[in-house]
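In: coordinates for the following, if possible.
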Amino acid sequence: MRAEEVHYDIAVIGGGLAGTCAAIAAARLGRRVALVNNRPVLGGNASSEVRVWVCGATAHGVHRWARESGIMGELYTENQYRNPEGNPYYWDHVVLDAVRAEPNIDLYLNTDVREVDASGPDDAREVHSCTGWMMGSERRITFRARQFLDCTGDGLLGHLAGARYRIGRESRAEFDEPWAPREADDALLGSTILFHTKDTGRPVKFVPPACAKDLSTTPILRNRVLRTGDNGCDYWWIEWGGELDTVHDNERIRDELQAVVMGIWDHIKNSGEFPDAADLTLEWVGSLPGKREYRRFLGDHVLTQRDILQQREFADGVAFGGWSVDLHPVQGMYADEPGARQRYADGIFHIPLRCLYSANVTNMLMAGRNISATHIAFGATRVMATCATLGEAAGTAAALCVAEGLTPRELATEHAELVRRTLLRQDASVIGLADDDPGNLARTARVSASSHLSRLAAEPTPAAPGEPYPLTRDLALLLPVDPALDTVGLLVHGAPGDEPSRLTVELWSTGRPENAVPADHLLTTTATVPPGGPHWITAHLDHHPTTPHNAVLIVRACPGAALVLLPERTDGVLALRRKAEGDAGVDHDIPEEDGQLVLEWQARGLRRRTFAFRATPDTAAFLPERAAGGFQRPYGGPQMWSSEPLPDPERAEQWLCLDWAEEQQLTEARLVFDDDVDEYLNNLHRHRTPFEIMPELVRDYRIQSRDPDGTWRTLLTVQDNRRRHRVHALKDADGGPVRTDALRLVVNATHGARHAHVTAFKAYGT
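Out: Reported below is the predicted structural model:
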């Protein structure tokens, strides 16, 4: 055995997506980081060892403009480019490469931390070090650091350090949670083992092993659906262990899960009920249970069901989620009730920094499924893309604690704006946060552009005439209202025959800027549609709000009539349809509860398509100043600069300019491009996205400074960009800061979009 002691600013224990993103975030802020993982690959439940797909705030496409940005967003888009087919081994290397790209991270794989040195009173303990055993290398390594992050999932580091935590379900009365049990108990969500099959092209037999469960002795055949073509996460409901201790009974749980997997495959292959399975064989079966739940640490705030469903905002909000409150029966696959009960908020929900550090260990933060949340709230925060955003927030906070000499509590309660500004500067997953960073000199500049999109419309062309979309149900358009919405023209096919149709049109607000569903009724108008057509008809609205916002224009069902659906995406606009009887749910195995607006009004199936319309007056939603000091995500409007339509996306030649009254000394420019956060990019299961690179991304660009004589000097040129967030050092010919009174971004090409989009153009100086 070789004994070692290593010293770091920050030690991140656990290499799932939460720990990975925490380590990267801290390293990018200049901290020396140890990333310690007890498995041979990174990614946790998302890795090729377990193969759970990376769900997050989009909730399988339920929420709009909700895909994570920041480090998780980088992983999504890089995986889409390198691995559009969703190969789990390629995904392992996307995650590994992201870590290895950071020189400030030392990675320790196969290193199981099982000892912690901590001291102090129960209400103010401090971690001094933790020690792990590197399997296969016979190295005993002690990690000393100023800040520690528990990203282990099960919460072992914090447990050994004496951090307070809970296991199980709180009582209904404790946090006033309608879904909580009347009395507290130890029930948990169970663990899962998945499997994958492949078609060999010839008949293959299956001789079940001795462990295979006889499904006829279980409720599974009665209560769950088996399908020949299902694979991987289709079988999320193979879940067990909620009545046990998911850590100490892990081996027993694994054996039961594998027995059921073999029993399911035996039934599919040998029962005679699935003749189309003759050529199928097992390609992969997991050997490591994917755990859902164990310890949840106590922070200064405990996130609750009402926090999530009411979308409560927090002064120290540092991340967002959007997954439903998703709870499973304690008996798992042996339960008679459905495999899950789910409830969605009307939009994404907020998570504060006070949930990400221990209330009684002064230098420990946590991220992932072990954050400070009730069992009910944990049902929404536990999915991995959300865990990743929590990791980025916690890693950022840890880095700031080291840099400023603060405890996590001091940072959250006295300097929350420092964390939020840093996260926004890094393009992390924060919502509703405008850039007020005094270091961003773009906020003091006059912003201009070669052009901007002012006409809000989607109209048919000879190449794309559109198709009738029957008004057998209510249809809707979400539109930015900035500054007003006087009229909306709609292209409508009238009912056949001789009689005109009477169209009822309503305008609704979304209630909250982050939401995209009709919440509050504003007005109703009607319009007459002649038979046949299509005809342009006008809805007179005369809507003049005091502040810009999104509004939903609802066209009520009208038998025989139809809107015209165009095969194109329109900036800042969404097409919606009201759910109709027979529509497929989000998951075919989970019944959907009534009264959920995001399920009632569907964008799924209509993304990148728009009902033909034209609005007046011209919009100010895409003015160039939207890219300076803005929100960096859609929030009550698109929140970006968009150029006029480009005749040729390969030759854009559109520019965005920052102009100061006095000369500035500039050292850095940061660009945030549009990668369409409404596009769902989780391809690690059955979902596929047709674009390897999002068309809206800027592909080729230049950054220029203006010389005193008015000429533009090119400082740098970028071609074939495929990243949303770009950071560029600015240097003059001698390597010093660039002295100029104007900085210009010239967009030369997009990846196919008909507009040049820039979400943020930032400049920093000495």
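
In: every contact and neighbour count from this point should use C-alpha atoms.
Out: Will do.

In: compute the number of surrounding residues for residue 469.
Out: Residues near residue 469, counting by other Cα atoms under 10 Å, number 17.

In: how about the secondary structure of it?
Out: Under DSSP: H, G, I helix; E, B strand; the rest coil, the three-state class of residue 469 is strand.

In: quick one, what contacts residue 755?
Out: Residues touching residue 755, when contacts are defined by Cα atoms under 8 Å, 6 or more residues apart in numbering, comprise 642, 643, 644, 645, 646, 649, 696.

In: how about residue 364?
Out: By Cα under 8 Å, 6+ apart, the residues touching residue 364 are 126, 127, 147, 148, 149, 150, 158, 357, 358, 408.

In: and residue 687, what element?
Out: When elements are defined using DSSP states H and E, residue 687 is found to belong to no helix and no strand.

In: what's the pLDDT at the residue lying closest to it once chain neighbours are set aside?
Out: When the adjacent residues along the chain are set aside, residue 687 lies closest to residue 681, with 7.9 Å between them (Cα to Cα, 6 or more residues apart in numbering). Turning to residue 681, the model gives it a pLDDT of 93.

In: in this structure residue 681 contacts residue 80, no?
Out: Yes. Here residue 681 lies in contact with residue 80, judged by Cα atoms under 8 Å, at a distance of 6.9 Å.

In: which neighbours do those two share?
Out: With contacts defined as Cα under 8 Å, 6+ apart, the residues shared by residue 681 and residue 80 are residue 689.

In: got the phi and psi for residue 268?
Out: Listed backbone geometry of residue 268 is phi -60, psi -40, with angles given as degrees, to the nearest 10.

In: count of neighbours near it?
Out: Residue 268 has 21 neighbours, counted by other Cα under 10 Å.

In: for the stretch 251-400 of the chain, which segments count as strands?
Out: Listed in chain order, the strands found in the stretch 251-400 of the chain under DSSP state E, counting those that start in this stretch are 280-285, 296-297, 317-321, 325-327, 341-343, 349-352, 364-366.

In: deepest-packed of these, please.
Out: Looking across the strands of the stretch 251-400 of the chain with neighbours counted as mean count of other Cα atoms under 10 Å, the highest average goes to strand 364-366: a mean of 31.

In: report the distance from that one to the chain centre.
Out: A distance of 22 Å separates the centroid of the chain from that of strand 364-366, by Cα atoms, centre = their mean, to the nearest Å.

In: for stretch 610-627, same thing?
Out: Relative to its chain's centre, stretch 610-627 lies at 26 Å (Cα atoms, centre = their mean).

In: and it, how far apart are its ends?
Out: From the first residue to the last, stretch 610-627 extends over 25 Å; the measure is Cα to Cα, to the nearest Å.

In: now swap in stretch 240-249 and tell me
Out: Using Cα to Cα, the gap from the first to the last residue of stretch 240-249 comes to 11 Å.

In: with stretch 292-312 instead?
Out: Its start and end residues considered, stretch 292-312 measures 25 Å (Cα to Cα).

In: so what's residue 51 closest to, chain neighbours aside?
Out: In space, residue 51 comes closest to residue 45 once its chain neighbours are excluded; the distance is 6.2 Å by Cα to Cα, 6+ apart.

In: what's the answer for residue 545, then?
Out: Of all residues not flanking residue 545 in the chain, residue 484 sits nearest, at 6.6 Å (Cα to Cα, 6+ apart).

In: do you know how far that neighbour is from residue 617?
Out: For residue 484, the distance to residue 617 - Cα to Cα - is 7 Å.

In: which one's more surrounded, the two?
Out: More neighbours sit around residue 484 than around the other of residue 484 and residue 617, counting by other Cα under 10 Å; the figures are 22 against 17.
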